[in-house]
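Enquirer: give me a 3D structure for the following:
(chains A and B)
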There are 2 protein chains.
Amino acid sequence: MAFKRYIPVESISELTINRLSVYLRCLQQLEHEGGTTISSQELADRFHLNSAQIRKDLAYFGEFGIRGVGYNVTQLREHLVNILGLHEERRVLMVGAGNLGTALSHYSGFNTGGFRIVAILDSDPHKLGKRVPGGLTVESVVNLTQIVKERKVHLGVITVPASSAQRVYDDLVDAGVQAVLNFAPAQLKGHPEVKLKNVDLKINLELLSFFLTHAARMASV
Amino acid sequence: MAFKRYIPVESISELTINRLSVYLRCLQQLEHEGGTTISSQELADRFHLNSAQIRKDLAYFGEFGIRGVGYNVTQLREHLVNILGLHEERRVLMVGAGNLGTALSHYSGFNTGGFRIVAILDSDPHKLGKRVPGGLTVESVVNLTQIVKERKVHLGVITVPASSAQRVYDDLVDAGVQAVLNFAPAQLKGHPEVKLKNVDLKINLELLSFFLTHAARMASV
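Expert: Model prediction:
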């Protein structure tokens, strides 16, 4: 693998890594359609991306294309899978079996392509033992530590209310998970060795609201 | 309002606007706790933020703090509400009444604080007429244009499968929505005058996978 050389991972921005995921989606689609080679310009044109950005992002990880020919679609797809660590199984624990947790537990993508949800937990006695659509049964959050250890959980996903999120995060860290995705609208105090990614869905609506407000104001100037 | 002067909205990054949403959450919490004034340093310490970043982000919109005193919590909260355009009602249309669409239609935050979901649509005849937990009834996507116009929809949220996402986006644009939040894992061809924000939830898991892979490799070097 071309990226086995030392990668100063801290120097690569989250935006770059997010774009690698986007490129991976595009290459999967091209491969599905039977495409074999593609240049960065063709890739950009086809999927509304930026060709210079594609070349720059990939250059962090080695030289993948052949000048004048482009990228081998299958090889580049495999490289991206390896760079993103998707060739290994990642066991995911969902904490919070409310509406969002339940929806995500069988959301396409959260339980495919390297990720496997191994349990969904809640503290509400009325939810325990209930089967969620993905096929899992809601288990008690009391058993969090035991479940993390026994099922070798890598990633925790927090979908509890904001008021419980810090406690759940701390419990996940103590139990030994290596990374946490937090959907609760709470600013958590992170642990330096456990990667924390906050996803506040409302922030996206507020971003659009900002653009509506200012675009309208500018248009009416 | 201090920001009524011309704002070159294109020069402000999405990351800055996302941070304004984070500051707003923090100020709402402080106000709820009875706080009246706070310095950027105190705000940063309390919520694990960066004080220089706070000052820089706010400086785009005017001068809000008093040197040596800090910010008035209520006033700054109100300023942020206005900057983000949350003082106006934003009517939201959900397209796709699958698991994610249904969960989001009654996700706290998607139906509060300025946002109101006015309809949820689907093309599946088995879903039409079904009541979703938020109280809405699933309506036919055939009526999209009429619903956008009659209910004066500002924002569209796409939660259909990837294969239908471009068609739904185009229909929303044609019907006159001003901004679209897309949850489908598809690279959409955007319209220059309609703000499009893609939210691919799996990208967040892949980001964590990247950090697990490379952090482990670095630690073992």
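Enquirer: show me the shaky parts of chain A.
Expert: A:1-7, A:108-109, A:111, A:216-221 (pLDDT under 70).
Enquirer: which strands or helices does the longest strand anywhere in it pack on?
Expert: Looking across chain A with DSSP state E, the single longest strand is strand A:115-122. If contacts are counted by 3 or more C-beta pairs under 8 Å, 6 or more residues apart in numbering or on different chains; DSSP states H and E, strand A:115-122 sits against strand A:90-95, helix A:99-105, strand A:138-140, helix A:144-150, helix B:201-219. For every residue, glycine as well, the C-beta is placed using N, CA and C.
Enquirer: let me know which of these is the nearest to B:Gln41.
Expert: Closest of the helices and strands packed on strand A:115-122 to B:Gln41 is helix B:201-219, at 29.0 Å (criterion: C-beta to C-beta).
Enquirer: what's the burial count for A:Thr74?
Expert: 14 (other C-beta atoms under 10 Å in any protein chain shown).
Enquirer: that one is in what secondary structure piece?
Expert: Per DSSP states H and E, A:Thr74 falls inside helix A:73-83.
Enquirer: and that helix, what's buried?
Expert: Across helix A:73-83, burial judged by 16 or more other C-beta atoms under 10 Å in any protein chain shown covers A:Val73, A:Leu76, A:Arg77, A:His79, A:Leu80, A:Val81, A:Asn82, A:Ile83.
Enquirer: one more: stretch A:96-109?
Expert: A:Gly96, A:Ala97, A:Gly98, A:Asn99, A:Leu100, A:Gly101, A:Thr102, A:Ala103, A:Leu104, A:Ser105, A:His106, A:Tyr107.
Enquirer: each with direction, which strands does the longest strand of chain A pair with?
Expert: Partners of strand A:115-122 in the sheet, by DSSP bridges, are strand A:90-95 (parallel), strand A:138-140 (parallel).
Enquirer: and among the ones you listed, the most buried is which?
Expert: Of all the strands paired with strand A:115-122, strand A:90-95 has the most neighbours on average by mean count of other C-beta atoms under 10 Å in any protein chain shown, namely a mean of 24.
Enquirer: around A:Glu42, how many other residues sit close by?
Expert: Neighbourhood size, A:Glu42 [other C-beta under 10 Å]: 15.
Enquirer: contacting residues for the residue nearest to it when sequence neighbours are not counted?
Expert: Among residues not flanking A:Glu42 along the chain, A:Gly70 sits closest, at 6.9 Å (C-beta to C-beta, 6 or more residues apart in numbering or on different chains). Applying C-beta atoms under 8 Å, 6 or more residues apart in numbering or on different chains to A:Gly70 gives the contacts A:Thr37, A:Ile38, A:Ser39, A:Ser40, A:Glu42.
Enquirer: repeat that for A:Gly156.
Expert: A:Val92, A:Leu93, A:Val95, A:Val148, A:Val168, A:Tyr169, A:Leu172, A:Val177, A:Ala179, A:Val180, A:Leu181.
Enquirer: chain B: which of these is nearest?
Expert: Distance to chain B across the contacts of A:Gly156 (C-beta to the nearest C-beta) is lowest for A:Ala179, with 3.9 Å.
Enquirer: ok, what's across the strand from that closest one?
Expert: Going by DSSP bridges, A:Ala179 forms beta bridges with A:Leu155, A:Lys195.
Enquirer: for it, what are its contacts?
Expert: A:His154, A:Leu155, A:Gly156, A:Val194, A:Lys195, A:Leu196, A:Lys197, B:Leu208, B:Ser209, B:Phe211, B:Leu212.
Enquirer: same question for A:Phe211.
Expert: With C-beta under 8 Å, 6+ apart, A:Phe211 has these contacts: B:Val9, B:Ala179, B:Lys195.
Enquirer: at 10 Å instead, please
Expert: A:Phe211 makes contact with B:Val9, B:Glu10, B:Ile12, B:Glu14, B:Ile17, B:Gly85, B:Gln178, B:Ala179, B:Val194, B:Lys195, B:Lys197, according to C-beta atoms under 10 Å, 6 or more residues apart in numbering or on different chains.
Enquirer: swap in A:Lys189?
Expert: So A:Lys189 contacts A:Gln166, A:Tyr169, A:Asp170, A:Leu196, B:Phe47, B:His48 (C-beta under 10 Å, 6+ apart).
Enquirer: just the buried subset of those residues, please.
Expert: Among those, those buried by neighbour count (16+ other C-beta under 10 Å) are A:Gln166, A:Tyr169, A:Leu196, B:Phe47.
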